[in-house]
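K.L.:
Model the structure of this input:
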Amino acid sequence: MLVLTGCSNLNNSSKKVSITSTPTLFFHGGGSSYHAEEHMVDAAKKAGVTESVIRAEVSKTGKVTLVGTWAKDAKNPICEVNYENNRQLNFNKHGEYATNVVKALQKKYGIKKINMVGHSLGNISIIYYMLQNGNKKNMPQIQKQVDIAGHFAGLTFAGLPDSITQPKGMKLSSNGKPNKMNSTYKQMTAVRKLYAKKQVKVLNIIGDTGNGSDGRVENISSLSLQYLVGGGKTSYKVLKVNGKNAQHSKLHENTQVDRALINFLWNK
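P.N.:
Numbering: from 1, shown residues only. Below you'll find the model as predicted:
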């Protein structure tokens, strides 16, 4: 596992923005909306990565409405995804929602590959998209994914169902495997064999405000992603952000995160 402690400046002339038609989808967190994605997307636009941004509105039933249009020659196009049901706790539904978005983009633009970025609950869309589509040759496959403040192994909030509660006394082995797993994480482990076959590049961004947590999600829950994606052909890196701006809801408005996103997704 490679741990990144910093990233180069956005305007570093040695970096070249790659010319690609691979779209990048952004997924917001629980109780949030696409507005939480705008700071990161705006940073990409300001850095000259793209001028093509649309939005995918996803209804509670999973119906997708695309707002805006990508030009035929769009470079590094971005789709901000907005879930009407932004507190859905059935994680399988997140996979269905993400699948419907990709299908809508595939139908309209003929896309063959995708990148995905998730914050908090948005990371579940990425994992479950892979679970539901990783073996389907007719579905666009993930090339790069950025996971920000993910709660893969569970949350510690009171009142949550056991299926998504982080087990008490949970610890991680050297490969990120939790010694205790809730039922949802156990379900997610089926994705391991899919990632093992894919050349997916994964960047896991975690925040630490000083106590091994970003204030909402414990770092060990975020770092359990390694076990899900590790092994095989998948590349896995971690960026740990420290300080007050590493707080859970501030990570998607953090300039260090912006730089990391741009360098990882689009710079060569």
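
K.L.:
just for the chain, where's the confidence low?
P.N.:
Applying pLDDT under 70 to the chain picks out residues 1-20, 268.

K.L.:
What sits closest to the most centrally placed residue in the chain if chain neighbours are left out?
P.N.:
The residue lying closest to the centre of the chain (CA atoms, centre = their mean) is residue 118, at 2.7 Å. Distances taken as CB to CB, 6 or more residues apart in numbering place residue 27 nearest to residue 118, at 4.4 Å, with adjacent residues excluded. Every C-beta, even on glycine, is put in place using the N, C-alpha and C of the backbone.

K.L.:
circling back to that earlier point, what is the residue nearest to the centre of the chain paired to in the beta sheet?
P.N.:
Following DSSP bridges, residue 118 is listed with bridge partners residue 27, residue 147.

K.L.:
so who does it touch?
P.N.:
Going by CB atoms under 8 Å, 6 or more residues apart in numbering, residue 118 touches 26-27, 124-126, 145-148, 150.

K.L.:
Which of those are buried? Put it as a ChimeraX command.
P.N.:
What follows is the ChimeraX syntax selecting those of those that are buried according to 16 or more other CB atoms under 10 Å:
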select :26,27,124,125,126,145,146,147,148,150
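
K.L.:
got a markdown table for the contacts of residue 118, with distance to residue 240 too?
P.N.:
Converted to a markdown table, the contacts of residue 118 look like this (distance: CB to CB, whole Å):
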| residue | distance to residue 240 |
| --- | --- |
| 26 | 21 |
| 27 | 21 |
| 124 | 21 |
| 125 | 23 |
| 126 | 20 |
| 145 | 18 |
| 146 | 14 |
| 147 | 13 |
| 148 | 12 |
| 150 | 13 |
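
K.L.:
With respect to residue 38, which of the contacts of residue 118 is nearest?
P.N.:
Nearest to residue 38, judged by CB to CB, of the contacts of residue 118 is residue 26 at 9.1 Å.

K.L.:
which parts of whichever helix or strand residue 258 is part of are buried?
P.N.:
For residue 258, the host element (DSSP states H and E) is helix 255-265. Buried residues in helix 255-265, counting neighbours by 16+ other CB under 10 Å, are found at 256-265.

K.L.:
Please name every helix or strand in contact with the top helix by length along the chain.
P.N.:
Secondary structure of the chain per DSSP state H: the longest helix is helix 91-109. Applying 3 or more CB pairs under 8 Å, 6 or more residues apart in numbering; DSSP states H and E, one finds that helix 91-109 makes contact with strand 24-27, strand 53-58, strand 64-67, strand 78-83, strand 113-119, helix 122-133, helix 183-188.
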